[in-house]
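Enquirer: model the following, please.
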Amino acid sequence: MMAEPFPITVDGRDIELTPENHGVALFRFEPEYDYIDISEPIGPDEEELRHTLIFRHRWLCLWMARIVLTHEDKEILTEVEEENEPFYLRTGWLSRVMIEDRPSEFEKEMYVNSLLGDLNRTDGIPDDFIS
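Expert: All right, here's what the predicted structure looks like:
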C-alpha cells in the first residue's frame, strides 16, 4: 500500500499529515493531556519549525497511533476503527508515538493555553461559572 497523506484542518489551515511532519504524545497516568504535535517549516529558508499541539482529541491520537494503554483506550479505538476503518488501512502508515507516564510542566502549560484559546474564540467564560 502506498503511503497517503492525511488531510486535517487546524485553525482554518489545511495541512496534510505524513509520518514525517507530526507525532502523537500519550500519557499513561494523565491521558487528558494526550496530543498531536504537527511541525511545519517556516521562515525564508523553511529551516525553522512551527509546532502546533492539538489537545482534547484523544480518539484521534489513539486512532492515528493504534496504541492503547488502558481498557478504556481499547474501547475508544475499537469504536473509532469500526466507524472509520483502521487509520493505517486508510493511509498506509501510523503516527510516530511518544509514551510517557505524565506530561511535562511545559506540556501542561500548553494544554491550559489551548483551553484559554478556546474560551477566547467563544464569548468567554459563562456567567454561571463566575462565583
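Enquirer: for the chain, what spans make up the strands?
Expert: Listed in chain order, the strands of the chain (DSSP state E) span residues 6-10, 13-17, 22-27, 35-42, 48-55, 97-100.
Enquirer: save these as TSV, and put in distance to residue 108, mean neighbour count and mean pLDDT too.
Expert: No exception for glycine: its C-beta is placed from N, CA and C like everyone else's. Shown next, in TSV, are these (distance: least, CB to CB, whole Å; neighbours: other CB atoms under 10 Å; pLDDT from 0 to 100):
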stretch	distance to residue 108	mean neighbour count	mean pLDDT
strand 6-10	21	13	94
strand 13-17	24	13	93
strand 22-27	10	20	97
strand 35-42	11	17	94
strand 48-55	10	14	92
strand 97-100	12	13	98
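Enquirer: of the ones you listed, which is nearest residue 115?
Expert: strand 48-55 (8.0 Å; CB to CB).
Enquirer: how about the nearest residue to the residue nearest to the spatial centre of the chain, chain neighbours excluded?
Expert: Centroid-nearest residue in the chain: residue 36, 2.5 Å away (criterion: CA atoms, centre = their mean). Nearest residue to residue 36 in three dimensions, chain neighbours excluded: residue 54, at 4.4 Å (CB to CB, 6 or more residues apart in numbering).
Enquirer: that neighbour contacts residue 34, correct?
Expert: No. Contact criterion CB atoms under 8 Å: residue 54 and residue 34 do not qualify, at 9.7 Å.
Enquirer: buried ones in the longest helix seen in the chain?
Expert: For the chain, the helix that runs over the most residues, judged by DSSP state H, is helix 105-121. For helix 105-121, the buried set under the neighbour-count rule, 16 or more other CB atoms under 10 Å, comprises 107, 110-111.
Enquirer: in TSV: those residues, plus pLDDT and distance to residue 100.
Expert: As requested, these are exported to TSV (pLDDT from 0 to 100; distance: CB to CB, whole Å):
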residue	pLDDT	distance to residue 100
107	97	9
110	95	14
111	96	14
